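Participant: Make a model of this:
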Amino acid sequence: MSKDKNSNKQKSNSNNTFSLPAEQILPNKLYIVPISGRPIFPGIFTPLMINNQEDTKVIEKACEGDNYIGIVMLKNDAEKPTLADVHDVGTVARIIKKINLPDGGINVFVSTLERFKIRKALSASNPMVAAVDYLEDQEDDTFEVKALTRALISEMKEVSENNPMFSEEMRLNMVNIDHPGKIADFIASILNIDKDEQQKVLETTSVRDRMQQVLIYIKKEQEILRVQKKIQNELNDRVEKNQRDYFLREELKAIQEELGIASDPKSSDYQKFKAKIDSFNFTGEVKETVYSELEKFQLLDPHDPEYNTVRNYLDLIINLPWNEKPVEQFNLQEAEKILDEDHYGLEDVKKRIMEYLAVRKLKHDGKGSVLILVGPPGVGKTSIGRSIARAMNKKFYRFSVGGEHDEAKIKGFRRTYVAAMPGQILEGLKITKSASPVFMIDEIDKMNASHQGDPSAALLEVLDPEQNVSFRDTYLDLPFDVSNVFFILTANTLDTIPQPLLDRAEIIELSGYIDQEKIEIAKKYLLPKTLKKNGLKKNQVKLTKNAYALIATEYAREAGVRNYEKCLDKICRKLIREQVNEYEKQNPPAPCPTISDIKKKKAASLPVQNEKKLSKEEEQEMNERLLKEEQEKYAAEESKKISSAFADKSFNIDIPEVRKYLGKAVFDESQIKTASVPGTAIGLAWTSMGGDTLILESISFESEKGGLQLTGQMGDVMKESAQIAINWAKQYAISNKYRDSQWFEKNTVHLHIPEGATPKDGPSAGITMATTFVSLFSGRKIKPNLAMTGELSLTGQVLPIGGLREKTVAAKRNKIKTIIIPSANQRDLDEIPEHVKQGIKFIPVSRVEEVMKLVF
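Facilitator: All right, here's what the predicted structure looks like:
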């Protein structure tokens, strides 16, 4: 409600010290002073700091006149505010005292008197002058207002008692104010609420509504104080506990020192870390980082979450071989002897390894040593690596990266992650405690790149001799020299290994074994190993030569010897089962002890005087422990009886026993591939599992369009070879009058490679496909026990191929007697051992016409 100049309402400040007629002190026109902070309520004596030059002029003009100004809060942070930038409702104030400051500002003490509302702008800026209407408090129901007054004073008293920011003077002022509206204004001015909420209280003329708003704000303040008090109590309890723990630890340390007892584990760890780190004589970046971590460890509390992180980091530091100087201590003759002891055959592989070791011996330096052993599964790649380590008197560490898609496997995790750890390179050095061990990294052809990084790219830094002198593991984050590590990598194929990785290594290929080699390996290595694994004595099980040969030809025809070992293992297991069953029939074993037997045994024993009575749980625990001891004793006695019964027995395994224990043959004579009808031919292929023979089949049938149909999961390269072969065979068939051109327009030729579930690809089946088509068109069969390999060009040239050794081994396993090869591959025959080539005739050809003369 506005108030004109003739009203007789009395004005009073917070301590009710004066009362004057409104018409004598309140002008209808006011100079407006905008403030950016909180609004100022009526009935308050407060200082105002005026630094703005324009506001200073306003104060000067007000002092020249009636000493009254209008204080209004800004709506925004305008640099040069006008009346449009201030709220409509403010507080009129009388200037009590003005003090000029040295910097040109003014410190003004004012007494605020009454609310007003801007009615009209007389001057929008420089200075702001407005016509105003004064607002009266609207007093409502007396009883409700009294109740609200008591509630405000009571609740505010609780707030003031729990908040040290409320002084005793504030509490007295609050009690001495006798007007309800003034009480609400005073409380709103001292509460820690938002300035917009204070402006809302200032604009409320209804005393009851104003008091209700302020009461709500008091309740919010009380809730904040309760939460604050709870947090403070928890912090105090924690601090008190930490202080108490600290004093107790210091006391314990003093007692231990007095008694000569070792100090606490943290101090012991610190001394151990410091002594070891000092012995390394670090310099530069390494020294700065390590000693920084050591200092941090000393300051951390053992209960701090970071304590174990720093401790694990320092533990890695002291366990790495920082200053070890590698020494090449091995004898070439002894190394060759160890390789011969551990592996049968593989003469060319052993020769290459010995050449490699001889170079290391001459240089007396192993930096940059990287080998890649490539071959099918089960040919002994991993065991060769272990033998190399033994031959060189070096520690051996192996890990696999098959299926890995995270470079952290190689380079470690950042220490910011929970449970972070170093990569396998540093982990291996920590375990072997050697700066020059032999590291075997298996399955490098099966790594995959992902959003977590590319492990093969991470390996480049490890294997590159120019980079690995300062290899930086992500976890360690310090340069470490791994150039003295002898890296041996293994793979089944080179096709999926990145070329930059291959460039950094020496490649040694291991082909598969022929039957004779498998038999010798089984005699010397596999059978003794299997007997020991199954608890049998040496020479207790003997196989005849025919039994060994049968396993190789009918049960384990793959390139390696892993399945051969499984067959021997199976024979021993079934043999042992038979013997144990027979023994137990003749000598039924005593029943195994039970819990009831334990209880009976205890009851039969004499009671012990003054024996402490056990609880039910303790008695059950003791019975279970006794039962376990009795069962272990029983099992040991039974095993001893059976072993003694077996001790004098020996077993001879011949063909009938092999078939009995291994069951139906996995490979039989019917599975040996033969080209027995026209339109078929035998080719040789190379796969990651070793060499293999492929039977190619073709037929023709009438159709409207003619053409070529392909099945058997051929890859793009093989499909192109098939198209070249059919076009050459058409020309050859027409020129030799096997078929005329019209026949090809009315017939479709279908080429199929059996075992359709297996993908096939590669550029080495060209002449085999051409032979298949010519055999179909001419109606002639090819010679028995003949296979071929070679790529075909459109002009009829036979192009060279790869993997001849593996293909030869596969041919020998499949009883092939004659192999047609490209002339350019004659040089590869020298790399194939004589015992593999024995019994096979190799015919080199340079033109496909030569092939046609040889095969029919």
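Participant: OK, contacts around Phe282?
Facilitator: Going by CB atoms under 8 Å, 6 or more residues apart in numbering, Phe282 touches 290-291, 322. (Each C-beta comes from the backbone N, C-alpha and C, glycine too.)
Participant: can I get the residues you listed in JSON lines with distance to Ala787?
Facilitator: As requested, the contacts of Phe282 are exported to JSON lines (distance: CB to CB, whole Å):
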{"residue": "Val290", "distance to Ala787": "64"}
{"residue": "Tyr291", "distance to Ala787": "69"}
{"residue": "Trp322", "distance to Ala787": "58"}
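Participant: Which residue is the nearest non-sequential neighbour of Lys812?
Facilitator: Closest residue to Lys812 apart from its sequence neighbours, by CB to CB, 6 or more residues apart in numbering: Ile514 at 5.1 Å.
Participant: Just list what the helix or strand Thr382 falls within packs against, helices and strands only.
Facilitator: If you go by DSSP states H and E, Thr382 is part of helix 381-391. Counting contacts by 3 or more CB pairs under 8 Å, 6 or more residues apart in numbering; DSSP states H and E, helix 381-391 packs against helix 332-342, helix 347-363, strand 370-374, strand 396-400, strand 438-442, strand 486-491.
Participant: Grab the CA positions of that helix and hand them over as PDB.
Facilitator: Extracted as PDB, the C-alpha positions of helix 381-391 are listed here (Å, rounded to 0.1, in the frame of the first residue of the first chain):
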ATOM      1  CA  LYS A 381      58.500 -74.600 -31.200                       C
ATOM      2  CA  THR A 382      58.000 -73.800 -27.500                       C
ATOM      3  CA  SER A 383      60.300 -76.700 -26.400                       C
ATOM      4  CA  ILE A 384      63.000 -75.500 -28.800                       C
ATOM      5  CA  GLY A 385      62.900 -72.100 -27.100                       C
ATOM      6  CA  ARG A 386      63.300 -73.800 -23.700                       C
ATOM      7  CA  SER A 387      66.200 -75.800 -25.000                       C
ATOM      8  CA  ILE A 388      67.900 -72.700 -26.400                       C
ATOM      9  CA  ALA A 389      67.700 -71.100 -22.900                       C
ATOM     10  CA  ARG A 390      69.100 -74.200 -21.300                       C
ATOM     11  CA  ALA A 391      71.900 -74.400 -23.900                       C
END
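Participant: Centre of the chain to that helix, how far?
Facilitator: 30 Å (CA atoms, centre = their mean, to the nearest Å).
Participant: Show me what counts as buried in it.
Facilitator: Neighbour counts over helix 381-391 (16 or more other CB atoms under 10 Å) mark 381, 384-391 as buried.
Participant: now, which of these sits nearest Ala131?
Facilitator: Gly385 (99.4 Å; CB to CB).
Participant: Can you tell me which helices and strands the helix or strand encompassing Ile767 packs against?
Facilitator: Under the criterion of DSSP H and E, Ile767 resides in helix 766-778. Secondary-structure packing of helix 766-778 (3+ CB pairs under 8 Å, 6+ apart): strand 680-687, strand 690-702, helix 716-735, strand 747-752, strand 786-788, strand 791-792, strand 798-799, helix 848-855.
Participant: Out of the ones you listed, which one sits most buried?
Facilitator: Of the helices and strands packed on helix 766-778, the one with the most neighbours on average (mean count of other CB atoms under 10 Å) is strand 786-788, at a mean of 26.
Participant: re earlier: a markdown table for the buried residues of helix 381-391, including distance to Ala770 and pLDDT?
Facilitator: Formatted as a markdown table, the buried residues of helix 381-391 follow (distance: CB to CB, whole Å; pLDDT from 0 to 100):
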| residue | distance to Ala770 | pLDDT |
| --- | --- | --- |
| Lys381 | 36 | 86 |
| Ile384 | 40 | 87 |
| Gly385 | 43 | 86 |
| Arg386 | 46 | 88 |
| Ser387 | 45 | 87 |
| Ile388 | 45 | 86 |
| Ala389 | 49 | 87 |
| Arg390 | 50 | 87 |
| Ala391 | 49 | 85 |
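Participant: wait, which of those residues is closest to Phe777?
Facilitator: The nearest member of the buried residues of helix 381-391 to Phe777, counting by CB to CB, is Lys381 at 45.2 Å.
Participant: quick one on the thing from earlier: got TSV for the contacts of Phe282, with neighbour count, pLDDT and secondary structure too?
Facilitator: Listed next are those as TSV, based on neighbours: other CB atoms under 10 Å; pLDDT from 0 to 100; DSSP: H, G, I helix; E, B strand; the rest coil:
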residue	neighbour count	pLDDT	secondary structure
Val290	20	89	helix
Tyr291	14	90	helix
Trp322	20	89	coil
